[in-house]
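> A predicted structure for the sequence below; I have some questions about it.
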Amino acid sequence: MIAPTWHRDNAEGLVERLSQAVAHHLWPLLCPRSSMSAFDKNEPLRLLAHSLDFWLPYADVVVQRRVQALGRVPFENEEQRRDQEQLQRAVDQELHADARRPCYGGQVWSGEEDALDAAEEVVEVADEHGRLRGLLDAIQSNRVQDDFSPRWSFLKEDFERKVYRKRSKWKVTFVELDDTLPVHAPDVEVDVERRLLWQLFFTTLNERERRVIICLRNGSTTATEIAAELGYANHSPISKALGILRRRARRYFQ
């Protein structure tokens, strides 16, 4: 006799497939102006759309509301009523909660139109309990060029229109530097000159080299750590970048 293998074979990748299905279903409600393919796979909104940990609790709330709307099964006889009252007293004493009759069985939603209504309810509940609109506003307000894929989209066009000037020949990039505590050196003028020299050297670097330098300043000291921080699959491109930076710094400061 051959044991059934459905569970083992289908469990692999089940969470990933469910995550993709949820993201595909909810994306038009989160970003109606652009398709998901217009963004990089690590863009915050795509990560949010795929996050089952974020969406499933709110989907459960919608399911419970719809099931409760079907109504509850009535008592069939007085014995069931007395049992319910006895259970209610016990639950109220221990848990301070209500013991209710089971709901009628039925479909939570049926058909494409009803599923869309349910999805809209999930988004509303996520905004009610999880501040979804605040998250979306924060994501939209803090996008960078790397968030977009090579594909054109309205949002990408809007972003580039705000960031780039048509007559400017300078490429604008975003970097983040942690604030550091002031250092009281014996010779303040020397310290200021060193800071200025460092800033001038920083302007000669390209975007990837700047990100590597920022990681170094933030405490990531190995190529593996920096690669993980910047999302590379391995440390090879970081090792090459570090070698180039060492040679460039040596020429610049000498």
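Okay, I see it. Residues are numbered from 1 along each chain as shown.

> The helix or strand containing A228: how far from the chain's middle?
Taking DSSP states H and E as the definition, one finds A228 inside helix 223-230. On the basis of C-alpha atoms, centre = their mean, to the nearest Å, helix 223-230 sits 20 Å off its chain's mean C-alpha point.

> Give me the contacts around the next helix or strand after that helix.
Per DSSP H and E, the first helix or strand lying C-terminal to helix 223-230 is helix 236-253. Contacts to helix 236-253, defined as C-beta atoms under 8 Å, 6 or more residues apart in numbering, come from residues 197, 201, 204-205, 208-209, 212-213, 223-224, 226-227, 230, 232. Glycine gets a C-beta too; all of them are placed from N, C-alpha and C.

> What subset of the residues you listed is buried?
Among the contacts of helix 236-253, the ones that count as buried by 16 or more other C-beta atoms under 10 Å are 205, 209, 212-213, 223, 226-227, 230, 232.

> Present the residues you listed as a markdown table; the columns should include distance to I139 and pLDDT.
Listed next are the buried ones among the contacts of helix 236-253 as a markdown table, based on distance: C-beta to C-beta, whole Å; pLDDT from 0 to 100:
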| residue | distance to I139 | pLDDT |
| --- | --- | --- |
| L205 | 27 | 75 |
| E209 | 27 | 77 |
| V212 | 25 | 79 |
| I213 | 26 | 76 |
| A223 | 30 | 79 |
| I226 | 25 | 80 |
| A227 | 25 | 79 |
| L230 | 19 | 78 |
| Y232 | 23 | 78 |
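
> Reformat those residues as TSV; add distance to L45.
Conversion of the buried ones among the contacts of helix 236-253 to TSV gives the following (distance: C-beta to C-beta, whole Å):
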residue	distance to L45
L205	29
E209	28
V212	26
I213	28
A223	30
I226	25
A227	24
L230	20
Y232	22
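
> between those residues, which is nearest D146?
Nearest to D146, judged by C-beta to C-beta, of the buried ones among the contacts of helix 236-253 is L230 at 9.7 Å.

> Secondary structure element holding the closest residue to the closest one other than its chain neighbours?
Nearest non-adjacent residue to L230, counting by C-beta to C-beta, 6 or more residues apart in numbering: R211, 5.8 Å away. Element membership of R211, judged by DSSP H and E, is helix 207-217.

> Can you name every helix or strand that that helix contacts?
Helices and strands touching helix 207-217, as assessed by 3 or more C-beta pairs under 8 Å, 6 or more residues apart in numbering; DSSP states H and E, comprise helix 223-230, helix 236-253.

> which one of these lies closest to N142?
N142 lies closest, by C-beta to C-beta, to one member of these: helix 223-230, at 17.3 Å.

> what's in contact with the helix ranked longest in the chain?
Secondary structure of the chain per DSSP state H: the longest helix is helix 111-130. Helix 111-130 has contacts (C-beta under 8 Å, 6+ apart) with 25-26, 29-30, 54-55, 58-59, 61-62, 65-66, 108-109, 132-133.
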